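Chemist: What follows is a predicted structure for the sequence shown.
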Number of protein chains: 2
Amino acid sequence: MKWENVGEMNCSVARTLSVIGDRWTMLIIRNAFMGTRRFADFQSQLGMTKHLLSDRLKRLVEVGVFTREAYQQGRYEYRFTAMGDALYPVLLSMAAWGDRWLDEGKGAPVVFVHKECGKPMTPTMACSECGEPVTVHNVIPAPGPGLMTINEKA
Amino acid sequence: MKWENVGEMNCSVARTLSVIGDRWTMLIIRNAFMGTRRFADFQSQLGMTKHLLSDRLKRLVEVGVFTREAYQQGRYEYRFTAMGDALYPVLLSMAAWGDRWLDEGKGAPVVFVHKECGKPMTPTMACSECGEPVTVHNVIPAPGPGLMTINEKA
DNA sequence: TCATTTGGTTCCATTTTGGAACCGATTGGG
DNA sequence: CCCAATCGGTTCCAAAATGGAACCAAATGA
């Protein structure tokens, strides 16, 4: 199977990966969450080549993660849509995993402070119904309405 | 910058992506969470070429996400370590985003049931301190102990 | 015994990425 | 107004990664 067909799998994870699953896209999104908006800033911060950045931004706009708005003649800002904002938990879960398992003994580069309670926190996956933390041990996947086969191919 | 240097950034997200951020790795991990353990099963379920699968599994074992244990002479099973289990929230956050934003009107292929409360739920990112949901609007990133510069290069 | 399964490796063509040069439109400085 | 610099790209080419198929040795199973 080719990568370009991954998005056609009947799987939410595969479809998500078809949008954010290539080498640079999540780093672009990370920087966007840190406030970066403009082409040149993304490029200098990430050190990626311009044509790749151009492609990725174009694609994220097409998919609906970013809007592209001129802030001057021919100068654009890329800003999250609601769909883009909703990627924040994906970013947080990656940051939390890297902090815990790949910190090389130096501690977390960034800590997250929850505005409401004012405390530095670890982003934690919880049940929307009862609020308790969820892990691989207490979640059971079950067939949903959109299921046909778990791994349909072609 | 080349992709191989991304893992050296002083950023937990970048380091996480250096492990799980290539085309196939998260799909391998998805299937592992669904119970797949063996080379041939990963290969037939994912439809990826054998040498790529071989590379990815080798790497995930090196990094510490999987163990590789013989279940017969020369036959191996790949199983999550604690480090690997801890990737579950990343998978859940991707599944939740895909369900919400890329379902193509067909509904979620899989729903998650929380064992403790017994209800189908939406995996939600919450504050470890107060348990309230967190979003891009109520989290403030702050410098942590491992920070030197936010985007050190080279 | 002999075909089949498993878990790969090797080879090659195609695709993607990385690096650099180039470019037109816009802007800011003098 | 003129000129240099900036912005947001595009084009070209080399290098690296991926995709497809063939091949292979060890172990199994009939």
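Modeler: Received, thanks. Numbers count the residues shown, from 1 in each chain, chains lettered A, B, ... in the order given.

Chemist: So what does A:Arg79 have for phi and psi?
Modeler: Backbone torsions for A:Arg79, taken as degrees, to the nearest 10, come to phi -130, psi 150.

Chemist: what sits against it?
Modeler: Residues in contact with A:Arg79, defined by Cβ atoms under 8 Å, 6 or more residues apart in numbering or on different chains, are A:32, A:37, A:66-67, A:69. Using the backbone N, CA and C atoms, a C-beta is placed for each residue, glycine as well.

Chemist: State the pLDDT value of the most far-flung residue of chain A relative to its centre.
Modeler: Centroid-distance maximum for chain A: A:Gln73 at 29.9 Å, with Cα atoms, centre = their mean. Predicted confidence (pLDDT) for A:Gln73: 86.

Chemist: residues contacting A:Trp101?
Modeler: Counted by Cβ under 8 Å, 6+ apart, A:Trp101 has contacts B:64, B:83, B:86.

Chemist: can you do 10 Å?
Modeler: A:Trp101 makes contact with B:12, B:15-16, B:19, B:63-65, B:81-84, B:86-87, according to Cβ atoms under 10 Å, 6 or more residues apart in numbering or on different chains.

Chemist: Pick the one among those residues closest to B:Ala126.
Modeler: Of all those, B:Ala126 sits closest to B:Ala86, with 16.3 Å by Cβ to Cβ.

Chemist: any idea which helix or strand carries the nearest residue to the closest one once chain neighbours are set aside?
Modeler: Of all residues not flanking B:Ala86 in the chain, A:Trp97 sits nearest, at 5.9 Å (Cβ to Cβ, 6 or more residues apart in numbering or on different chains). Remark: A:Trp97 resides in helix A:88-101, with elements defined by DSSP states H and E.

Chemist: Measure how that helix sits relative to helix B:88-101, angle-wise.
Modeler: On the basis of axes from the mean of the first three to the mean of the last three Cα atoms, to 10 degrees, helix A:88-101 is oriented at 170 degrees to helix B:88-101.

Chemist: And stretch A:135-152, what's buried?
Modeler: Across stretch A:135-152, burial judged by 16 or more other Cβ atoms under 10 Å in any protein chain shown covers A:139, A:144, A:146-147.

Chemist: Also stretch A:26-43?
Modeler: For stretch A:26-43, the buried set under the neighbour-count rule, 16+ other Cβ under 10 Å, comprises A:26-33, A:36-37, A:39, A:42-43.

Chemist: Of the contacts of A:Arg79, which belong to strands?
Modeler: Counting by DSSP state E, the part of the contacts of A:Arg79 found in strands is A:66-67, A:69.

Chemist: Kindly reformat these as TSV containing distance to A:Phe112, neighbour count and pLDDT.
Modeler: Converted to TSV, the ones in strands among the contacts of A:Arg79 look like this (distance: Cβ to Cβ, whole Å; neighbours: other Cβ atoms under 10 Å in any protein chain shown; pLDDT from 0 to 100):
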residue	distance to A:Phe112	neighbour count	pLDDT
A:Phe66	23	25	98
A:Thr67	26	14	97
A:Glu69	28	11	95
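
Chemist: between the residues you listed, which is nearest B:Cys127?
Modeler: Nearest to B:Cys127 among the ones in strands among the contacts of A:Arg79, with distances taken as Cβ to Cβ, is A:Phe66, at 27.1 Å.

Chemist: How many neighbouring residues does A:Asn10 have?
Modeler: 17 (other Cβ atoms under 10 Å in any protein chain shown).

Chemist: one step back: give me the subset of the ones in strands among the contacts of A:Arg79 that also touch DNA strand C.
Modeler: Among the ones in strands among the contacts of A:Arg79, no residue sits close to DNA strand C (Cβ under 7 Å from any atom of the strand).

Chemist: Show me where chain A dips below the pLDDT cut-off.
Modeler: A:148-154 (pLDDT under 70).

Chemist: Helices of that one, residue ranges please.
Modeler: Along chain A, counting by DSSP state H, helices occupy A:12-20, A:25-33, A:39-46, A:50-63, A:82-85, A:88-101.

Chemist: Which elements pack onto the third one?
Modeler: Going back to what we said before, that points to helix A:39-46. Contacts defined by 3 or more Cβ pairs under 10 Å, 6 or more residues apart in numbering or on different chains; DSSP states H and E place helix A:39-46 against helix A:25-33, helix A:50-63, strand A:75-80.
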